[in-house]
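In: my questions concern the predicted model and sequence given below.
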Amino acid sequence: MVGQHLTDGARSDVCAPDGTRLAVYEWGKPEGPEVLLVHGFAQCHLCFEPQIRALAGHCRVVAFDFRGHGASEQPADPAAYQGHRVWADDLATVMAAKGLKRPVLIGWSMGGRVIRQYLINHGDAGIAGINFVASQVIEEPRFRGPGAPKPLPERMTLAEEIDAAIAFLDGCFAKKPSEAAFRRALGYNMRVPAAVRRAIAGWSTAAPLTIDALRRVTVPVLITHGRQDTVVLPAAAEMTASTIAHARLSWFDDCGHSPFVEDAARFNDELAAFVESSRRP
């Protein structure tokens, strides 16, 4: 409800290797298990409000806004959103700046792709576990559903940008959130301009490179996916699970692209148990 939103945690801006300013937030117990939340395309840290509320009582919770998103800087050069290291190094920068020793990484949608790029460039020695949530970790066209973001033309009116954002958000839920929650999500989606969205659409990673990195993962992995997802089709989760032999796959039968919102109670219970189990040797 309006007026009952989570208060932003302690904010500290950090600079990525290319100088881009990233907004970073922290909640919870400094001595608790470390959790780093990695949001999705056109979102921001606020999408994880249900998880922050659930975990802050016993975990050290850190989140950040991607470059081009939320309160972070929005470079004008499309190259700032592409390449083989940009997103991986942003994640590594946040981890180093916050002094995270071995966090559990939770990556929703594009957030899972960011974690994927981190694994390719940095390996998994610095993390305790990974929760891929509704993510096309291995990029193949057949995993892209009808609800995925559509290519944006070079010239758009403001009304067209708003309509595109609404259409994408509609596709993110099989079980719709409240009107207030949807308006809030639309607000932070609209902070990401069309030029940034187009630049990110030009970023991809070859499937063989991803598969090689995933096969070298040794930390615990939980894959969470809604069977009603029309943005990233469930087959994407199946392929990720088959590539990481020890991964556990958790299906949310009646959820779409946002199981952490659509069934937050179950998701939070599973995440808390996963965080705890990842602390064990």
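Out: Sure thing, it's come through. Numbering: from 1, shown residues only.

In: going forward, measure contacts and count neighbours with C-alpha atoms only.
Out: OK.

In: next, work out how far apart Gly143 and Ser242 are.
Out: Not quite, residue 143 is Phe, not Gly. From Phe143 over to Ser242 the distance is 15 Å, taken as C-alpha to C-alpha, to the nearest Å.

In: my bad, should have said Asp253
Out: Distance check for Asp253 against Ser242: by C-alpha to C-alpha, it reads 19 Å.

In: distance from the chain centre to stretch 125-138, please.
Out: Chain-centre distance of stretch 125-138: 9 Å, with C-alpha atoms, centre = their mean, to the nearest Å.

In: assign a three-state SS to Leu249, would you?
Out: Using DSSP: H, G, I helix; E, B strand; the rest coil, the three-state assignment for Leu249 comes out as strand.

In: how about it: what's its closest non-neighbour residue?
Out: Ile223 (4.7 Å; C-alpha to C-alpha, 6 or more residues apart in numbering).

In: what's the distance between the one you found and Asp77?
Out: On the measure of C-alpha to C-alpha, Ile223 and Asp77 end up 33 Å apart.

In: between the two, which has more neighbouring residues?
Out: Ile223 (22 against 11; other C-alpha atoms under 10 Å).

In: name the residues of the helix or strand harbouring the more buried one that come out as buried.
Out: Element membership of Ile223, judged by DSSP states H and E, is strand 221-226. Buried residues in strand 221-226, counted by 16 or more other C-alpha atoms under 10 Å: Val221, Leu222, Ile223, Thr224, His225, Gly226.

In: any idea how far that strand is from the chain center?
Out: For strand 221-226, the distance to the chain centre is 13 Å (C-alpha atoms, centre = their mean).

In: Gly112 contacts Ile138, doesn't it?
Out: No: contact status for Gly112 versus Ile138: not in contact, 9.6 Å apart, counting by C-alpha atoms under 8 Å.

In: quick check: Glu31 touching Gly57?
Out: No: checked against C-alpha under 8 Å, the pair Glu31 and Gly57 is beyond contact range at 11.3 Å.

In: higher neighbour count, these two?
Out: Gly57 (13 against 9).

In: look up phi and psi at that one.
Out: Recorded main-chain torsions at Gly57 are phi -70, psi -20, according to degrees, to the nearest 10.

In: repeat for Asp89
Out: phi -70, psi -30.

In: how much space separates it from Ala80?
Out: Distance from Asp89 to Ala80, by C-alpha to C-alpha: 12 Å.

In: next: Ala42.
Out: 16 Å.

In: longest strand of this protein?
Out: strand 21-28 (DSSP state E).

In: helix or strand right after that strand?
Out: Downstream of strand 21-28 (by DSSP H and E), the next one is strand 34-38.
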